[in-house]
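> Need coordinates for the following:
(2 chains)
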There are 2 protein chains.
Amino acid sequence: MNDSYLNFVNSPFGARVARSLGLPKPEVLRRYRADEPEFGGLVAIGAGREPHLLDSLADLVASIGVTSVAHESAGLWMPLAHRHGLLTGRFEPAESGSAARVGALIFDASGIDESSQMEPLHAFFHDTLRSLGKCGRIVVLGRPPEACPSPRKWTAQRALEGLTRSLGKEARRGITANLVHVAEGAEREMEATLRFFLSPRSAYVSGQVVRIAADGLHRLANSVVVTDAIGNDAASPFDWNQPLANRRAVVTGAARGIGAAIANVLAAQGAHVIGIDIPPARDALEATMRQLNGTALAFDIAAPEAPAQISAALDDHGVDIVVHNAGITKDKTIAKMTGSAWQSVIDINLCAQERIDDALLAAGILRDGGRIVGVSSISGIAGNPGQTNYATSKAGVIGRVQSMAPLLRPRGITINAVAPGFIETQMTAKMPLALREAGRRMNSLAQGGLPVDVAQTIAWLAHPGSAGISGQVVRVCGQSLIGA
Amino acid sequence: MNDSYLNFVNSPFGARVARSLGLPKPEVLRRYRADEPEFGGLVAIGAGREPHLLDSLADLVASIGVTSVAHESAGLWMPLAHRHGLLTGRFEPAESGSAARVGALIFDASGIDESSQMEPLHAFFHDTLRSLGKCGRIVVLGRPPEACPSPRKWTAQRALEGLTRSLGKEARRGITANLVHVAEGAEREMEATLRFFLSPRSAYVSGQVVRIAADGLHRLANSVVVTDAIGNDAASPFDWNQPLANRRAVVTGAARGIGAAIANVLAAQGAHVIGIDIPPARDALEATMRQLNGTALAFDIAAPEAPAQISAALDDHGVDIVVHNAGITKDKTIAKMTGSAWQSVIDINLCAQERIDDALLAAGILRDGGRIVGVSSISGIAGNPGQTNYATSKAGVIGRVQSMAPLLRPRGITINAVAPGFIETQMTAKMPLALREAGRRMNSLAQGGLPVDVAQTIAWLAHPGSAGISGQVVRVCGQSLIGA
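Numbering: from 1, shown residues only, chains lettered A, B, ... in the order given. The predicted structure follows:
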C-alpha cells in the first residue's frame, strides 16, 4: 500500500535526484476531501464551430462556482457567460515560470461536422495546456459518433478519441483527460458526469470515453424525479453533497480492500449500505459496516441458495444500488490450471452476479431507477498471461453490462462496469518488486491507484444524475498503457 | 530493419546465453512463402456443447488439406469428419520432450449459451496448448455477442475475448490466438478468414476479434458471385491461389515501405495494382510498379484536384480495391506543434481519404463488391504522446470505416482498417535504441512486425471471400501490450 518511490521523488532531496537522473516524477494526486473545496482554479473554455453544449456548460460553471476564461476559439462564451451572470474573462497564457492558474480545460467539440474543421482543437490545447496546473483536468465534449447524421461528422467525432487519449499521455503532472459524448437531447444531463471528471474524485480516471444517452432523464422522470419549483426539468431532487441519501446499496466483498472503500464512499454520499462477504470474513465485515452504520450479511454469494438469501434479506425495503465487487483470482497458466480453479473463478466472478441480479430483478427488489455496477478489470479487456480464468470472467462482466443495459432501460435501471488497473491493495503489496513497479509506472500518472479511486468512480455511476450512462465500461487505471 | 537481438538469441550461442540469463527469446516467425506448403501439422478440434460450426469447419479442413484430431470436448467431430471423408483421430498429448505435432487449435464455442457452460474451454486448452508447435495457431470461434438472443449467451460469448487474449499472451513461441465471431447464417463464409488466421500470412496478427456478418455472401451473390457447378452456394468463383485475379487495386503511398509491400502482395494474389505516390517519389514508385506490372500515378493525394485526377485515371476500367496507405507524421507535443503541422497530418491522413472515396463512390468508379481498406495505427486506438495530430487522424480512420460500412453494404462494398503496431521500416530504424527496443518487445511475439505482415492482412480484407467483414479494425501488432 506504500509507493516508496512516489514518496521519495516528492521529497525535496528525492526530487533533486530524480531530476538529475531524468527519472519519472509521479505527482502526488489530489483526492477528494470533505474539508477542502471540490472545485478550484480557472476553467478555460474552448470550442469548435457552432458548439451545442456551451449553454449547459454555463449552467455547470455556475453550479460548481468556478470562474471561467474564454479561449479565442470560444467566441460565444463571453456573451453567454454574461447572460448567465458569470464572472468571466479572456484566457491569457501563464507567464513562463509563473504558477499555472488554470484548473481545467474544457473544449466543446460537439459542433465539429467534419475532419477538416478540427484546427480549433489544436489552437486551444496548443495555447492552454502549459497553463494547466498540477492535477488539472481536461474534458473534451463531443457527440456519440454512431448517432451522428453523416459519416463525415461520425468520423470527426470519433477522431476526438485519438486526441483525448494522446493529451492524457502527454500532459503528465497528475493531469487527467477524458472524452464525454453527449447525445442530442442529453445536454441537460451532463452535470453529474462533468462534476466527476472535474473533481479530485476522478483522480485516477484518465483516457476514458463516456457516453451520455438522451433517454436517461426521461426514464428517471417517469420514476423518481419530479420537476422542481423553478420549472427546470433538468433539476434534480438530490443534494449534490448527499446524492445517495435515502438509497440502499448492496456491496459484495465489502469486508476489506476495494469493497470496504466502496461501502465507505457510498455511505459518505448518504446511502445505507448492506455489505456482503463470506462467513470467514464476518468479523471484518461487521467492523466495516459498524463504522458506516451499515448492515452486515455474511454468506457466500456463489452458493446455490445465495440469490434466495439475498432476496429475503432485502425484500422488506428493496434496494437501489447493487455493486458486484466480490471476486477471486486463482492464477496459473492454463496448462497447469485445474478444472476447479477455472470453474470457481468463473462462478464467483461472473455466474454469481448473473444469478443474484436476475433474482433481484425478477422479484422487483431492485427498484426502478436503480443502479447495477460490476467490477471488471484491465485483464478482462486486454487478457493477461496466467489469468485465463480471471480474464474470461472479467470479460464476461463486460458482456453482462452490455447485454442487460437495453433490457433494463424501460425501468430506468442502469448497469455499468468499472475496470480497475493497478490498484494498491494487500494483494499488490505481495507482488514481486519488479512486477509491482512495472504495474505502478506503466500508466499516464506513473503510479498505482487507491481503492478509493475505484469507489468514487462507482459512486458516480450510482449517482441519480447518471441515468443516461448505461452499458458502459469505465477504466480506473490512470490511463494504463495496457489495453486491447 | 534488422532485429539483431532476435537474430542473436536464435543463434546456437545466443540461445544458450539467453537461456542462462533468463532473457526473452522471440521466435523467428514463419511467414508465407509461395514455395512452401501454407498449412501443415495436425489441427486439434475442441467444442462446447451443441457447437454450430463443426460442419463448416469440416469443409475447411478438407479444403486446406490438413489432418484433424478431435479433443474429447468435441465428441461430434469424429463421425462428422468421417462423413466428410476426412482422415481423423483422437487428440493425444505430445510426450514430454517430444516435438509438438499440432499446428493449430480450433475451438467451436458457438454453442455455449451461458457462463456456467465454459468448462470445456478450459479442458481443451489445458490439454492441448503444450502440444501446439512453434508458430502454431489458436482460433476460437463464437457468435457475435450483440446478436445473441439472451443476455446470458451474450455474456458468455463476450467472455471468450478475455480467454483468447490471455491465451495469446500466455502461449509465446510465435503462436497467435484470435477470436472469430461468426453470425448466424454466415457459417459458410468462414473460409477466407480461417485460412488467413491458420496461415503464416497472419504471422503478426494476434489477440484480435473479427466479426463475420451474415449478409456478406448474399450481397456478393447479388453482384459478382455465381453459384458454382456443384451447386454449393458457399463456393467462390475465385482461385484460392490467385483470389484477386481480374481485380484492380489502388494503393496510395506505394513507392516504398509498407505501401510497396501492400502493392507486392496484392499483385502476387493476382491484382493489377495502380500505385500512387507524391511526385518527388516518382522514380521509386515507377521502379516498384515496374516489378509487379503495375501502373504508377505520381501526384499528391491531398491536393484539391486529387479526387478528380484519380477519378479520371481510373474511369475507363473502374477499380475494385482501394487501400489508403499514404500517411505522414509530424510529431511534437501539442504545446510546440504548429498549426500547419497539425493540419497537414489531419489532411493527408484523413481528409484526403474521405474526399477520394467520396469521389470514387459518387462516380461509381469503385465497383459494387469492392473493398476499401484504411491504414489506422495503434496510436489512433490508444493515443500517443507527441502525436496528437497523428492519433487524431488515425482515430478518424476508425470512425470513417465504422460510419461508411452500413452505407456501403447495399452495394456489397466493405470498408475496414488495419492498425499496425511496431513495424520494422526505415522510420523505426532511425528511432533511438531504447525506444525501438521497447516497441519491439512490448508485444506477445516480442518482436516488431514486417511490412509484409500489414500487406497480408490487407490482402485478406480485400479478398472476395471477406464480404462479411466490414466496419472493423484489425490490429497488426503481435498483440502489443498497448491499447485503450
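> contacts and neighbour counts: CA atoms only from here.
Will do.
> all strands in chain A, in order from the N-terminus.
Along chain A, the stretches classed as strands by DSSP state E are A:42-47, A:68-70, A:88-90, A:102-108, A:132-142, A:176-182, A:209-212, A:248-252, A:272-277, A:295-298, A:319-324, A:366-375, A:414-420, A:473-476.
> now those strands in TSV, with mean neighbour count?
Shown next, in TSV, are the strands of chain A (neighbours: other C-alpha atoms under 10 Å in any protein chain shown):
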stretch	mean neighbour count
strand A:42-47	27
strand A:68-70	24
strand A:88-90	17
strand A:102-108	26
strand A:132-142	25
strand A:176-182	27
strand A:209-212	22
strand A:248-252	26
strand A:272-277	26
strand A:295-298	21
strand A:319-324	26
strand A:366-375	24
strand A:414-420	27
strand A:473-476	27
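> Can I get these in a markdown table including mean pLDDT?
Below are the strands of chain A laid out as a markdown table (pLDDT from 0 to 100):
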| stretch | mean pLDDT |
| --- | --- |
| strand A:42-47 | 97 |
| strand A:68-70 | 96 |
| strand A:88-90 | 94 |
| strand A:102-108 | 98 |
| strand A:132-142 | 97 |
| strand A:176-182 | 98 |
| strand A:209-212 | 98 |
| strand A:248-252 | 98 |
| strand A:272-277 | 98 |
| strand A:295-298 | 98 |
| strand A:319-324 | 98 |
| strand A:366-375 | 98 |
| strand A:414-420 | 98 |
| strand A:473-476 | 98 |
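> Tabulate the ones you listed (JSON lines), appending distance to chain B.
Below are the strands of chain A laid out as JSON lines (distance: least, C-alpha to the nearest C-alpha, whole Å):
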{"stretch": "strand A:42-47", "distance to chain B": "15"}
{"stretch": "strand A:68-70", "distance to chain B": "18"}
{"stretch": "strand A:88-90", "distance to chain B": "19"}
{"stretch": "strand A:102-108", "distance to chain B": "14"}
{"stretch": "strand A:132-142", "distance to chain B": "12"}
{"stretch": "strand A:176-182", "distance to chain B": "11"}
{"stretch": "strand A:209-212", "distance to chain B": "10"}
{"stretch": "strand A:248-252", "distance to chain B": "20"}
{"stretch": "strand A:272-277", "distance to chain B": "22"}
{"stretch": "strand A:295-298", "distance to chain B": "24"}
{"stretch": "strand A:319-324", "distance to chain B": "15"}
{"stretch": "strand A:366-375", "distance to chain B": "13"}
{"stretch": "strand A:414-420", "distance to chain B": "12"}
{"stretch": "strand A:473-476", "distance to chain B": "9"}
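> For the stretch 101-250 of chain A, which segments count as helices?
For the stretch 101-250 of chain A, helices defined by DSSP state H, counting those that start in this stretch occupy the ranges A:119-128, A:151-171, A:191-198, A:216-223.
> Mean pLDDT lowest where, among those?
Mean pLDDT is lowest for helix A:216-223 among the helices of the stretch 101-250 of chain A, at a mean of 47.
> Including distance to B:P237, could the strands of chain A go into TSV?
Compiled in TSV, these are given as follows (distance: least, C-alpha to C-alpha, whole Å):
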stretch	distance to B:P237
strand A:42-47	52
strand A:68-70	61
strand A:88-90	65
strand A:102-108	51
strand A:132-142	45
strand A:176-182	44
strand A:209-212	43
strand A:248-252	57
strand A:272-277	61
strand A:295-298	65
strand A:319-324	52
strand A:366-375	48
strand A:414-420	46
strand A:473-476	43
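> Figure out which of the helices of the stretch 101-250 of chain A is closest to B:V66.
For B:V66, the closest of the helices of the stretch 101-250 of chain A is helix A:151-171, at 42.8 Å, according to C-alpha to C-alpha.
> Tell me which other helices or strands that closest one touches.
strand A:132-142, strand A:176-182, helix B:378-382, helix B:388-408 (3 or more C-alpha pairs under 8 Å, 6 or more residues apart in numbering or on different chains; DSSP states H and E).
> Please tell me how far the closest residue to A:T288 other than its chain neighbours sits from chain B.
Nearest residue to A:T288 in three dimensions, chain neighbours excluded: A:A255, at 6.1 Å (C-alpha to C-alpha, 6 or more residues apart in numbering or on different chains). Taking C-alpha to the nearest C-alpha, to the nearest Å as the measure, A:A255 falls 26 Å from chain B.
> Give me the neighbour count for A:A255.
27 (other C-alpha atoms under 10 Å in any protein chain shown).
> Give the full set of residues in contact with it.
A:275-277, A:281-282, A:284-286, A:288-289 (C-alpha atoms under 8 Å, 6 or more residues apart in numbering or on different chains).
> Out of these, who's the most crowded?
So for those (other C-alpha under 10 Å), the most neighbours sit at A:I276, 29 neighbours.
> In this structure that residue contacts A:G259, no?
No. Using C-alpha atoms under 8 Å, A:I276 is not in contact with A:G259, being 9.4 Å away.
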